[in-house]
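> Generate coordinates for the sequence data below:
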Amino acid sequence: MNESNVQEYVTVMIADQLFGIPVLEVHDVLRGLKLTKIPLAPPEVAGALNLRGRIVTAIDMRKRLGLPAYEGEDEGMSVVVEHEGEPYSLMIDGVGEVLGLNADDLQPNPVTLDERWRDVSAGIYRLEDKLLVILQIERLLGTAGSSDIAA
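Numbering: from 1, shown residues only. Have a look, this model is predicted:
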């Protein structure tokens, strides 16, 4: 495998589905968040949190992707990314490993993939036992349903 063609992704679990976020876009991984609700925010905005003096908007990834609400015992986790200079906390079920994958193996989204996922995915990797859906942060945070989260 050509080293210059390797893309690294932080893998995250959301409702038993594996997603990948480009490693260079991940700023922090958090656990045990204390969220403050934001009145009149879109449904996928879970609230805001203070991270080292910065206000971070928390996005409920299950709502954003049309998945059932999280009912786990632990509080879940969060991956902090930036979009247009603003930090966002993506609320997820858990963080996996960092995978280095050959960019040539990235496949287009299958037509059977949920439309909400297709809108925010750069494509998929077929791993041994799962599909890895690659998230595009700019599309994920720039097109939250009919409203723009960043507004």
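> Not counting sequence-adjacent ones, nearest residue to the residue nearest the centre of the chain?
The structure's the chain has its C-alpha centroid closest to L90; by Cα atoms, centre = their mean the separation is 5.5 Å. Distance criterion Cβ to Cβ, 6 or more residues apart in numbering; nearest residue to L90, sequence neighbours excluded, is V79 at 4.8 Å. All C-beta atoms are positioned from the backbone trio N, CA, C, and that covers glycine.
> so how far is stretch 99-108 off the chain centroid?
18 Å (Cα atoms, centre = their mean, to the nearest Å).
> again but with stretch 18-28, I slipped
With Cα atoms, centre = their mean as the basis, the mean position of stretch 18-28 lies at 7 Å from the chain mean.
> Show the end-to-end separation of that stretch, please.
19 Å (Cα to Cα, to the nearest Å).
> Which residue is the nearest non-sequential neighbour of E138?
H83 (6.3 Å).
> Could you report the distance from that neighbour to V10?
Shown here: H83 relative to V10, a distance of 16 Å by Cβ to Cβ, to the nearest Å.
> Kindly report the same for V120.
16 Å.
> if you count what's nearby, which of those two comes out ahead?
Neighbour tally, V120 and V10, criterion other Cβ atoms under 10 Å: the higher count belongs to V120, 23 against 20.
> got a list of what that one touches?
If you count contacts by Cβ atoms under 8 Å, 6 or more residues apart in numbering, V120 has them with R64, L65, L135, Q136, R139, L140, T143.
> what sits against the third one?
If I follow you right, that is L135. Taking Cβ under 8 Å, 6+ apart as the contact definition, L135 lies against F19, G20, I21, V120, S121, A122.
> which secondary structure element contains L49?
Taking DSSP states H and E as the definition, L49 sits inside strand 45-51.
> Need the mean per-residue confidence for that strand.
Across strand 45-51, the average pLDDT comes to 94.
> How many neighbouring residues does V6 have?
Other residues close to V6 by other Cβ under 10 Å number 12.
> cool, and Q7?
Residues near Q7, counting by other Cβ under 10 Å: 19.
> Would you confirm that it contacts G100?
Yes: taking contacts as Cβ atoms under 8 Å, Q7 lies within contact range of G100: 7.3 Å.
> show me where the chain has helices.
Assigned by DSSP state H, the helices in the chain fall at 61-64, 115-120, 137-142.
> Please report how far the closest residue to P87 other than its chain neighbours lies from E8.
Leaving aside its sequence neighbours, P87 sits nearest to V56 (Cβ to Cβ, 6+ apart; 4.5 Å). For V56, the distance to E8 equals 23 Å [Cβ to Cβ].
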